[in-house]
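[1] Here you go, sequence then predicted model.
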Amino acid sequence: MKRTISIVFLFLLIVSIFSTASAGKSTPVEIQFLNISDWHAQLAPLFIFPVGNFGGAAELSSYFQNERAANPNTLTLTAGDAYGGSPPLSNFFDQVPAVLSMNLMGFDADTLGNHNFDAGIADLQALIDIAEFDYVSANLENRDDNLMGVEDFQIFDVGGVIVGVIGITNPETPTLVFPGNLGTIVPTDPIPAANMAKAAAKAQGAKILVAITHLGVAGFDGDGKAFGPLIDFANNVGGFDLIFGDHTNVEYSGIHGKALVVENLSKGVTYARVQMTVDPQNGRVIDRSVDFIPAVSNAVVPDPGIVALLQPFRDALDVLLTVIVGESTVMIPRADSCGQSSGNTCESLVGDATTDSMRDRYGTDFAITNAGGLRAGLTCPVADIPTDFCPPFVGPNFDITSGQVLTVLPFGNQVVTYDLDGAELKAMLERGVSAMPGISGRFAQVSGLCFTYDIEAAVGSRVTGAVLQMVDGSCTGAAVDLTVGSIYSVSSNDFMASGNDGYPDFSARMTTRELMDQVLSEYITANSPITPVIQGRINCVGASCPVILP
């Protein structure tokens, strides 16, 4: 009897030991993160020559639904500038269609980028109020005095794993929006702000820490290593598992410290799918990977809910924006002559046409505009997009509609004219190339002159000379005097002339003219068909120069 009892006791003890050991283990959780960068309310698909159509709100929504069906443990995130600098379908209606679409697309959180402030605090608050997702930004001093409904971070329970999502706004935002648009908000250093928010999120139980930052990769050095604000941030914060970047239209992924760092191409051309295997007990990341998914528009059935949502807005604009204002004998893309898709590194056809229209209208010596203000190609796409404001392509020339002009120039900027001396002109040109070889919207597109800069020289001392353009546009004219000894008349946009993008502030002497889109439209009509060509207006010397495509 005693022996039987001992055997039973031993059996129960063994079962207890195995049960205890089993209880100490947990089943790993597969978490999925979906992310787009710098969407800019690209509600209709975007045509990329010569490949086809990508993105679109209804199309991305279908992609996201398919991804969530495969893994319900999903967070869908973006990191600022989801609207602002937007095509007319959103811009004409104060960005409301963008936020309503984001609600249906299933976003969980967004942060605030510089373009979120394009229309000022009151308009931003109205958009925050209709959003069904969270806004987070941890580095905005006086935020709560100006905005309601924005927090440092948000906590999400994803399949039993507590995830903290922390937002970061780009600190140079005050130089990228009109004065006053931030109210009394002041962006602060992202790194200490992120670390403080991370600690607070951990105190609320977060096991996985994610940063959504409006910081981007500015470029790649000679060894292929990424550089820029996103990389600086990732290398100097600690304790994050995943960091999403934004702002610069660069596709990137890499490991920095313990964090996976990811940035997408802008406007929904691609989205990132991050898969993360997590131990739910201690938050240990067992495995992780990222895939960049080209959001080919015709590969999915558009979400009918978003199609129906946007149709009344499209109907309201259709008559106004489908008017053909002229033609071009060549395609005029946003990409520059070096192939940079945002036109921020070299001379571009859309930059040439825009600055030529300003100089022609007001008879100034020169015209200059920041490439970051040119948001699309000027000619209608050759692949038909039924939801845009362009007719199907029939050729041989390329149509330009009023809607397409507004897609290029969505900010409502005005042309301004003013006089400056040669040294002040040189200061403007210096600012235009100061970020090179990094990608920056401050990059200058010009008309009336051709200038040369040394990319290896110190910032502020790069411009080595300039010559006048001849009547035929060739760069064979007399030298431009870049000293205080000469006075020139200049056309630019009011954003630049007011000191934004870090340009010199000439607002005290500028004369306000007409809207940029009106000036460009009427120039196209008067000169149709236009035939812009790359003329060597911007010449780079040095080993780090971008290569002009043949």
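    Arrived safely, thanks for sending. Quick caveat, the model's predicted, so the values are computed rather than measured. Numbers count the residues shown, from 1 in each chain.

[2] number of nearby residues for residue 411?
    23 (other C-beta atoms under 10 Å). Yep, even glycine has a C-beta here, placed from its N, CA and C like the rest.

[3] any idea how far it lies from residue 345?
    21 Å (C-beta to C-beta, to the nearest Å).

[4] Chain neighbours aside, what residue packs nearest to residue 149?
    Leaving aside its sequence neighbours, residue 149 sits nearest to residue 128 (C-beta to C-beta, 6 or more residues apart in numbering; 4.7 Å).

[5] check which helix or strand covers the one you found.
    Counting by DSSP states H and E, the element that carries residue 128 is helix 121-130.

[6] for residue 467, same thing?
    Residue-wise, residue 467 maps onto strand 463-468 under DSSP H and E.

[7] That strand: which residues count as buried?
    463, 466-467 (16 or more other C-beta atoms under 10 Å).

[8] What average pLDDT does the next helix or strand after that strand get?
    The helix or strand immediately downstream of strand 463-468 is strand 487-493, counting by DSSP H and E. The average pLDDT within strand 487-493 is 97.

[9] contacting residues around strand 487-493?
    Residues outside strand 487-493 that contact it (C-beta atoms under 8 Å, 6 or more residues apart in numbering) are 355, 358-359, 361-370, 373, 413-422, 425, 428, 480, 513, 516.

[10] re earlier: output the helix holding residue 128 as PDB, nothing but the C-alphas.
    Extracted C-alpha coordinates of helix 121-130, given in PDB (Å, rounded to 0.1, in the frame of the first residue of the first chain):
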ATOM      1  CA  ILE A 121      -4.100  75.400 -36.300                       C
ATOM      2  CA  ALA A 122      -7.900  75.800 -36.700                       C
ATOM      3  CA  ASP A 123      -8.000  73.700 -39.900                       C
ATOM      4  CA  LEU A 124      -5.800  71.100 -38.400                       C
ATOM      5  CA  GLN A 125      -8.000  70.800 -35.300                       C
ATOM      6  CA  ALA A 126     -11.000  70.300 -37.500                       C
ATOM      7  CA  LEU A 127      -9.300  67.400 -39.200                       C
ATOM      8  CA  ILE A 128      -8.200  65.800 -35.900                       C
ATOM      9  CA  ASP A 129     -11.800  66.100 -34.700                       C
ATOM     10  CA  ILE A 130     -13.100  63.900 -37.500                       C
END
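
[11] what's it packed up against?
    Packing partners of helix 121-130 (3 or more C-beta pairs under 8 Å, 6 or more residues apart in numbering; DSSP states H and E): helix 96-105.

[12] Could you list the residues in contact with the helix it packs on?
    So helix 96-105 is contacted by 39, 41, 43, 57, 60-61, 64, 76, 82-83, 86, 89-90, 110, 127, 130-133, 303, 305-306, 309-310, 313 (C-beta under 8 Å, 6+ apart).

[13] please redo it, this time with the cut-off set to 6 Å
    Around helix 96-105, the neighbours that count as contacts under C-beta atoms under 6 Å, 6 or more residues apart in numbering are 41, 57, 61, 83, 90, 127, 130-132, 305-306, 309-310, 313.

[14] Many thanks, we can stop here.
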